[in-house]
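Participant: Sequence first, predicted coordinates after that:
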Amino acid sequence: MKRHALLFLIVWLSLAACGQNGGLPRIIPATNAPLPTLTPTLLPSPTPISDDASGIARAFYRAWEGRNYLAMYSQLSPQSQALVDSQSFVSRYEQEMAAAAVLSIHAQPQAIIQEGTEAEFSVRVTWQTAVVGSITRDYTTRLVYSQDRWGVVWDEGLILPELVGGNRLRLEYRTPARANIYDINGLALAYQGALVSLGVVPGQIADEAGMLAALSPILNKSAEEIKKIYAPAQPDWYWPIGDVPEDVMQANADALQPFIGKGLAPPTTRLTRIYYEGGVAPHLVGYTGPIPAETLAAYQEAGYRGDETVGLAGLELWGEEYLNGERGGVLSVVGPNGEYITTIAEVQPRQARSIYTSIDRDFQQAVEQALAEAIMTYPIGRAGSIVVLDVNSGAVRAMASFPSYHPRIFDSARANAAAELGAVLSDAGRPLLNRATQGAYPAGSVFKIVTFSAAMNSGIYTPDSRYNSTGTWNRLGDAFIKTDWRAGGHGYISLRTAVIVSCNSCFYDVGFTLDGVDRLLLPNTARQFGLGQPTSFQLAEAAGLIPDPEWKLANVGEGWAPGDSVNMAIGQGYVQVTPLQMTNMIAAIANGGTLYQPTIVDHIGAGGGAPEEVWPVYTRGELPLSPDVLATLQRALFDVANDGNQGTAAYQFVGLPVPVAGKTGTAEDPPRTSHAWFAGYAPAAPYTLADGTAIEQPEIAIVVMMENAGEGSGVAAPIFRRIVELYYGITPVTPFPW
């Protein structure tokens, strides 16, 4: 406005001067005509700019916070848009945000100065990155008014001042070595180590017999097996034949040296995840592999490049945040030709932390071998699981599932890896499934522990309540007559004795009676025992199912019937439990009623400035049993394994020096053979070890579950005995009866 006023003054003075100096003809008025008035002509003045430039600037930075780069582009001035097209603009922002691993952007407006067609907007912008922390810069953003709107005057400096002139960001990741997984004694289960890859070029083989003889003990394969591996190769092809740990290679280097270059290619070494021989506890330890596409974004937000190997199952997955450490990196500016310009930010990596499990490696391996032997030798054995828990903490002392697998099959760089992985993935036995935590089954007669407890809490029964077992039961009507497992029944027995002899008809009757009093009593008691719900174990687990009237109506579309309670009373019907849940329940009975949260972690090692972290013991609740009822139940379970006249499994424990208690279970799974259960604990009475150490209280709870293998007493109980013998070092172990 000042400039327009000055221009008007100059024009007016010029016109006046011309009149005085005769530069213009004088106007002579007519007689009696008024004198003309000289009125200067004003130049047109533009309409004052009423738009607020700060609105455009704020919209520009709000769009940046939302990663809406096209919206940002729309706020540029026409002149800036003429210099950079939208695709290039968007691409540049995406590239630099990705290069810096930016997680979020926050813009804080500071001030706006606006005068005429120009404005300056001050703003502080903070990037929060996944690798190098936060980066803050103060910007002065210019805006101009053109073509009836305000627009941002843009160059690369508005991304980051250091990027002016075509510079770029470059992030160098600094990744700590993956930490190890150990047993409770510090023996490795999974660790980072060097593998040596061996391969042959068939056409170069000079002494095939000698080479195969040297390779056989190293690869633990016969000469014929090795020969079959490279049989498909053409004479000039390199064909991988196997991988061996670096120490094994060093120990056998002299034996292999004569064949290198004469059929055996020079060995190559690579760093990879190594699992203790045979892959001990694979369902617990888990495995690693490339980041899955569906979780890539989440890993990148956590500071990963995206091409790393990460935990995909087991403790490798659960403990990823400990095992991978904290990534660091250097964010630099490089010139158009890649030359280093300056460093924006730098963060040092933090050491990863090892996980120490609660299992003993040798005992775990022995349990796995016992389960495999039992299933592979039993005529109809196909699958099963074993869980061993510390009754006083919930710590897993062993956990085995069969069929099993070796974690190395997920190492894609291994020889024949694809074929091995394909075989496991297509195996109908589902080796990757941890049946101990992810297998859900009808509980069978082990559930009678719950039914006995519900009966005691109902106020209707006592342990001495009598029942006449005739072998059949028909309170549901003649169309629904049920039979006992023992022809002719058990005669007049108490409810406590019904647990020992596992009388079905007695518990049918209890279930029917409880249904008439409170249909929720039985399912609620089961849940108080930890059944039909996750245990909060660290690894993947099934919830199982304890049905009730509400569930049945919602999922089956039918109302609850007395027969549902009758079936539940012996662990059948819709009941589904996991072996881990059952072990947790038995452990609580053994320890006096405390239901612990199972754990596989003993402690987390020190590292990255953090001290060693002992894993806490968590309590989930208390069993709904009075001390007297609990003691009665403990005695009944003792008699199951020790009363030669009545106990359903007593004959399997004759001569076992460690006193045990437990419950058999034979769960129907029509049309297939029943599942075999045995759930118990040891020692069930004071016991003195061979070295003179006296054990006064129970230490371990054990559950053996054999899928579609028959009766619990005949199949699961002998395996239970073997596990007790292994735990307490009793030799020789008792052969399986089959």
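Facilitator: Cool, the structure landed.
Participant: Output the lowest mean pLDDT helix or strand found in this structure.
Facilitator: When the helices and strands of the chain are compared on mean pLDDT, DSSP states H and E, helix 2-21 comes out lowest with a mean of 36.
Participant: Backbone dihedrals for Ala649, please?
Facilitator: Phi and psi for Ala649, reported as degrees, to the nearest 10, are phi -120, psi 10.
Participant: That one and Ser674: what is the separation?
Facilitator: Ala649 sits 15 Å away from Ser674 when distances are taken as C-beta to C-beta, to the nearest Å. Just so you know, the C-beta spots here come from the backbone N, C-alpha and C atoms, and that holds for glycine as well.
Participant: cool, Leu433 as well?
Facilitator: 20 Å.
Participant: Same check on Leu522?
Facilitator: 22 Å.
Participant: Neighbour count for the two, which is higher?
Facilitator: Neighbours were tallied for Leu522 and for Ser674 using other C-beta atoms under 10 Å; the higher tally belongs to Leu522 (27 against 21).
Participant: Double-check the more buried one against Met568; I have them as touching.
Facilitator: Yes: counting by C-beta atoms under 8 Å, a contact exists between Leu522 and Met568, whose distance comes to 5.7 Å.
Participant: Overlap in contacts, the two.
Facilitator: Taking C-beta atoms under 8 Å, 6 or more residues apart in numbering as the contact criterion, the common neighbours of Leu522 and Met568 are 451, 511.
Participant: who's in contact with Arg643?
Facilitator: No, residue 643 isn't Arg; it's Asp. Contacts of Asp643 (C-beta under 8 Å, 6+ apart): 500, 650.
Participant: Hmm, I typed the wrong one, I wanted Phe410.
Facilitator: Counting by C-beta under 8 Å, 6+ apart, Phe410 has contacts 287-289, 312, 417, 421.
Participant: and it, backbone torsions?
Facilitator: Dihedral angles of Phe410 (phi, psi; degrees, to the nearest 10) stand at phi -90, psi 0.
Participant: Let me know the distance separating it from Thr272.
Facilitator: 11 Å.
Participant: Then Arg327?
Facilitator: Separation of Arg327 from Thr272 (C-beta to C-beta) stands at 20 Å.
Participant: just the strands in the stretch 451-600 of the chain please.
Facilitator: Along the stretch 451-600 of the chain, the stretches classed as strands by DSSP state E, counting those that start in this stretch are 466-469, 472-473, 482-483, 491-494, 594-596.
Participant: in the sheet, who's paired with Val396?
Facilitator: Going by DSSP bridges, Val396 is paired in beta bridges with Leu389.
Participant: which ones are touching it?
Facilitator: When contacts are counted by C-beta under 8 Å, 6+ apart, Val396 is found next to 284, 357-359, 387-390, 598-600.
Participant: So Arg327 and Thr272 - more neighbours on which side?
Facilitator: Ranked by neighbour count (other C-beta under 10 Å), Arg327 and Thr272 place Arg327 first, with 21 against 17.
Participant: So for that one, what's the pLDDT?
Facilitator: pLDDT for Arg327: 90.
Participant: looking at it, it is touching Glu301, isn't it?
Facilitator: No: with the criterion set as C-beta under 8 Å, Arg327 and Glu301 do not qualify as a contacting pair; they are 11.8 Å apart.
Participant: So for these two, which residues contact both of them?
Facilitator: Ala130.
Participant: related to what we said a few turns ago, can you redo the contacts of Val396 as JSON lines with distance to Ala59?
Facilitator: As requested, the contacts of Val396 are arranged in JSON lines below (distance: C-beta to C-beta, whole Å):
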{"residue": "Leu284", "distance to Ala59": "54"}
{"residue": "Thr357", "distance to Ala59": "55"}
{"residue": "Ser358", "distance to Ala59": "57"}
{"residue": "Ile359", "distance to Ala59": "59"}
{"residue": "Val387", "distance to Ala59": "60"}
{"residue": "Val388", "distance to Ala59": "64"}
{"residue": "Leu389", "distance to Ala59": "60"}
{"residue": "Asp390", "distance to Ala59": "62"}
{"residue": "Pro598", "distance to Ala59": "54"}
{"residue": "Thr599", "distance to Ala59": "52"}
{"residue": "Ile600", "distance to Ala59": "53"}
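Participant: Which of these sits closest to Ala206?
Facilitator: Leu284 (45.9 Å; C-beta to C-beta).
Participant: Give me the domain ranges for this structure.
Facilitator: The chain is divided into the following domains under automatic domain parsing: 53-166, 172-187+281-357, 188-275, 444-601+615-622.
Participant: ends of the shortest one, how far apart?
Facilitator: Taking C-alpha to C-alpha, to the nearest Å, the span from the opening residue of domain 188-275 to its closing residue is 8 Å.
Participant: and that domain, what's its mean pLDDT?
Facilitator: Across domain 188-275, the average pLDDT comes to 93.
Participant: likewise stretch 69-88?
Facilitator: In this model, stretch 69-88 has a mean pLDDT of 97.
Participant: Can you name the residues in contact with that stretch?
Facilitator: With contacts defined as C-beta under 8 Å, 6+ apart, stretch 69-88 is touched by 56-57, 59-60, 63-64, 89-90, 93-94, 143-144, 146-147, 150-154.
Participant: Work out the gap between that stretch and the centre of the chain.
Facilitator: In this view, stretch 69-88 has its centroid 43 Å away from the chain centroid, taken as C-alpha atoms, centre = their mean, to the nearest Å.
Participant: Export it to CSV, keeping only CA atoms.
Facilitator: Coordinates of the C-alpha atoms in stretch 69-88 are reproduced here as CSV (Å, rounded to 0.1, in the frame of the first residue of the first chain):
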residue,chain,number,x,y,z
TYR,A,69,2.1,-36.6,0.9
LEU,A,70,-0.4,-35.8,-1.8
ALA,A,71,-2.2,-33.5,0.5
MET,A,72,1.1,-31.9,1.3
TYR,A,73,1.8,-31.4,-2.4
SER,A,74,-1.6,-29.7,-2.8
GLN,A,75,-0.4,-27.0,-0.4
LEU,A,76,2.7,-26.0,-2.5
SER,A,77,2.7,-22.8,-4.5
PRO,A,78,2.1,-23.0,-8.2
GLN,A,79,5.7,-22.1,-8.8
SER,A,80,7.0,-25.0,-6.6
GLN,A,81,4.5,-27.4,-8.3
ALA,A,82,6.0,-26.3,-11.6
LEU,A,83,9.4,-27.4,-10.4
VAL,A,84,8.5,-30.8,-8.9
ASP,A,85,5.7,-33.1,-10.0
SER,A,86,3.5,-34.9,-7.4
GLN,A,87,4.9,-38.3,-8.0
SER,A,88,8.5,-37.2,-7.5
